[in-house]
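Peer 1: Return a 3D structure for these sequence lines:
(3 chains)
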Amino acid sequence: MFHWLEKHPFFFAVGVFLVISFAGLIEIVPNFAQASRPVIGTAPYSTLELAGRHVYIKNSCNACHSQLVRPFKSETDRYGHYSLSGEYAYDRPFLWGSKRTGPDLMRVGNYRTTDWHENHMKAPADVVPGSIMPAYTWMFTNLADINTAYAEQLTVAQFFSTPYNKPVPMKDGSTKVVAMGNNVTEANAMALEEAKLIAADMKDQDVKDAVANGQIPEIVALIAYMNSLK
Amino acid sequence: MNIAELQAYGYFALTAILVVVLYGYIYHLYSKREDANGHDYEEYSNIALKDDITDAPVSAISDDKEK
Amino acid sequence: MENRPLEYDYTVAKMFMLTTILLGIVGMLIGVILAFQLAFPEVNTILGSGLAEYTNFSRLRPLHTDAVIFGFTLSGIFATWYYVGQRVLKVSMAESGFLMFIGKLHFWLYLVGVVAVVVTLFMGITTSKEYAEFEWPIDIAIVVVWVLFGISLFGLIGIRREKSLYISVWYYIATFLGIAMLYLFNNMEIPTMLATAPDGSAVGGSWMHSVSMYAGTNDALVQWWYGHNAVAFGFTVPIVAMIYYFLPKESGQAIYSYKLSLLSFWGLMFVYLWAGGHHLLFSTVPDWMQTMGSIFSVILILPSWGSAINMLLTMKGEWQQVAASPLIKFMVLGSTFYMFSTLEGPIQAIKSVNAIAHFTDWIVGHVHDGVLGWVGFMIMAALYHMAPRVFKKEIYSKSLMATQFWIQTLGVVLYFTSMWIAGITQGMMWRAHDEFGNLAYSFIDTVTVLHPYYTIRGVGGLLYLVGFLMFAYNIYKTMTSGRKVEESELQNASPMGA
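Peer 2: Purely as a prediction, here's the structure:
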């Protein structure tokens, strides 16, 4: 039988495929239903936060920063509570990263402010002496892509029932509704309202002016996303 | 029976099957020096060593057709 | 020239040899730039602050990994397939106009894909998943390229004269199937351009953007099942295919045990896929998967070493060839590095070791002793062996090749030793507590301490790049000014000029 397989490429290929696929079949597929349930207190991203997440991805922040706190004392001391599976329920894609050239950002919203991020993104080594992080000055002029973020919100709401415009349970027993616009104009207006709150805490006059003129620079969206990481 | 239990049984059954198949293969390889076509397995190394287009194949497709 | 009725046709192999070298230079050059950016952050704005967006570390990093994996390595795999495939199946591509057409189409579409990848990654269009950064239109193009490779592969097998498939062909088939399965499942995504607003109006936004079908922990699980096994089917399986052909052929020695090679093939196929969980130790994936990942990683030593030892034993009684031929040096050191990194990997997969090693530079070091020492050396050796045969010329310079070997070996050693020290130093500092139970170091302390190691790593990488440029030059000179050789000189050891 074995020798026969070696001379019949098609059945050989089928054999190889069976052997290599069964690990995936047993290990991965059955768990899909279980792991994706959100924990209480996890809400979907707002339009602006999602646009900020796209900025984060566009600049491969995940190449140097993880978003995964492991259950060790040294990590919970440094970054906060260890990560729970359900906290990632709305993360498409996941952004755990594989290398911590810089610190973990899973709960950065708990201990860094808008003001801190603004200074840091402009000149990292001025805020953290010795830092090897490059400056991200172009984020202060490039505009965030709100339309794409909105399109993604619509897509996840439609295909994965992500609860936009629906009450989501929070830790203190209250509920929170993450609103999503009815059309792209409305979505942009809502994102701008959120951006104004961020810009109010910022010092860069160009960014403030842009937001006042109805534009949203990437840095504003990114900071909205950073602040949402808790 | 829940998913985890199914996974465990599936995992065990498939591992057992693969162990049997792999050991069967070892037995098959080392029990006989020759395969069904009368070739020693080690002769197949020559497929790489004598690979000029004018060299004769170790076991030619055309042998079958003549039979 | 002798009068021969039929010749192997290496047209497509030559094309892919060219991209192997070209994309190798690109990938390694970017790698060296990245290494120096970590040591000296000013390098991030090397082309001025106006272009900083395109020269900074984060934008270049996916370009480096993808240029090396999908540029250099994949081209090398294709180049060797279009060479080895014909020879071990004893059929020439000149015999089939159809396969020749498919082969050329395969190359040109691959090139289009490469250009699309480079442009989009520079623009920051990425899905963020490591080694699967490409957005959906490119994913579709890649699937088409892969299908063409499959047609070439099975088409050539279909018209073969040699009935039994040589072990290398097994590995090429496994490469094809493995990557196909992994790539498809990891890149399941929904383009967001399909969305319409609740009031029915159009949304606009980027047409290339897509959203992953999997969320959070599941996404991570699929990604690392992919990420780990892309290493299996990109950096291990096809490279083993190469060494099983090129080492015996170049040395004129039959494989030490053909049976062992068959056995380790099935062992590798079965075990490798289970080990992906070791990328996710202490994360939020279920514990049993993490444990499974650890255990299977350790078991993986057996089939890996089965192949590597088989290769080293092939040289039994012929070790003078290792001393005499720099080409065989590359392959023997390559399989030694293979043994070394397949031992290092399982050690890092042990949970208590992983607790220190994960997220640090030790992992980066591990990847590089595998890729620089094993994949890089083996592909260069394969191209060196192929060059005299496809160009019918003698290799331009043996001494240049020998110099290159030692420069690159030094480069690899500097690379992995510095990364070991950097990784373990940082891992230990992250977890250090003082006598009162507080963290002993702030994060930045654990970064600044790495400066010397980052510098040494940069130098190591630079040496490897210099060696690679010597390789490119040597192949170029072989092509243009090497001495013409007869078929009879090409039986085993490759002819080399001084």
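
Peer 1: Report the contact partners of A:Tyr45.
Peer 2: A:53, A:90, A:153, A:178, A:225, A:228 (CB atoms under 8 Å, 6 or more residues apart in numbering or on different chains). Heads up, the C-betas are built off the backbone N, CA and C, glycines and all.

Peer 1: Would you agree the third one is in contact with A:Leu50?
Peer 2: Right, A:Gln153. Yes - A:Gln153 lies in contact with A:Leu50 (CB atoms under 8 Å); the separation is 6.3 Å.

Peer 1: What residue spans form the domains of chain C?
Peer 2: C:12-164, C:318-498 (automatic domain parsing).

Peer 1: now do chain A
Peer 2: If you go by automatic domain parsing, chain A breaks into A:2-35, A:47-228.

Peer 1: could you dump those domains to JSON lines with mean neighbour count, mean pLDDT and distance to chain B?
Peer 2: Below are the domains of chain A laid out as JSON lines (neighbours: other CB atoms under 10 Å in any protein chain shown; pLDDT from 0 to 100; distance: least, CB to the nearest CB, whole Å):
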{"stretch": "domain A:2-35", "mean neighbour count": "17", "mean pLDDT": "77", "distance to chain B": "5"}
{"stretch": "domain A:47-228", "mean neighbour count": "19", "mean pLDDT": "95", "distance to chain B": "15"}
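
Peer 1: can you redo the ones you listed as CSV with distance to chain C?
Peer 2: Formatted as CSV, the domains of chain A follow (distance: least, CB to the nearest CB, whole Å):
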stretch, distance to chain C
domain A:2-35, 4
domain A:47-228, 3
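
Peer 1: thinking again about what came up before, let me have the domains of chain C in JSON lines, adding distance to C:Tyr172 and mean pLDDT as columns.
Peer 2: Formatted as JSON lines, the domains of chain C follow (distance: least, CB to CB, whole Å; pLDDT from 0 to 100):
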{"stretch": "domain C:12-164", "distance to C:Tyr172": "6", "mean pLDDT": "94"}
{"stretch": "domain C:318-498", "distance to C:Tyr172": "13", "mean pLDDT": "94"}
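
Peer 1: Now render those as JSON lines, adding mean neighbour count.
Peer 2: What follows is the domains of chain C, written out as JSON lines (neighbours: other CB atoms under 10 Å in any protein chain shown):
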{"stretch": "domain C:12-164", "mean neighbour count": "20"}
{"stretch": "domain C:318-498", "mean neighbour count": "20"}
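
Peer 1: Let's have those in a markdown table, adding distance to A:Gly86.
Peer 2: A markdown table is the format used below for these (distance: least, CB to CB, whole Å):
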| stretch | distance to A:Gly86 |
| --- | --- |
| domain C:12-164 | 21 |
| domain C:318-498 | 22 |
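
Peer 1: Out of the ones you listed, the one nearest C:Phe185 is which?
Peer 2: domain C:12-164 (10.3 Å; CB to CB).

Peer 1: hmm, that closest one touching chain A?
Peer 2: Yes - contact of domain C:12-164 with chain A (CB under 8 Å from any CB of the partner chain) involves C:37-38, C:41, C:44-45, C:49, C:52-53, C:56-59, C:61-62, C:124-130, C:154, C:157-158, C:163-164.

Peer 1: ok, which stretches of the stretch 151-300 of chain C are helices?
Peer 2: When assigned using DSSP state H, counting those that start in this stretch, the helices of the stretch 151-300 of chain C occupy the ranges C:167-186, C:216-231, C:237-251, C:258-272, C:287-299.
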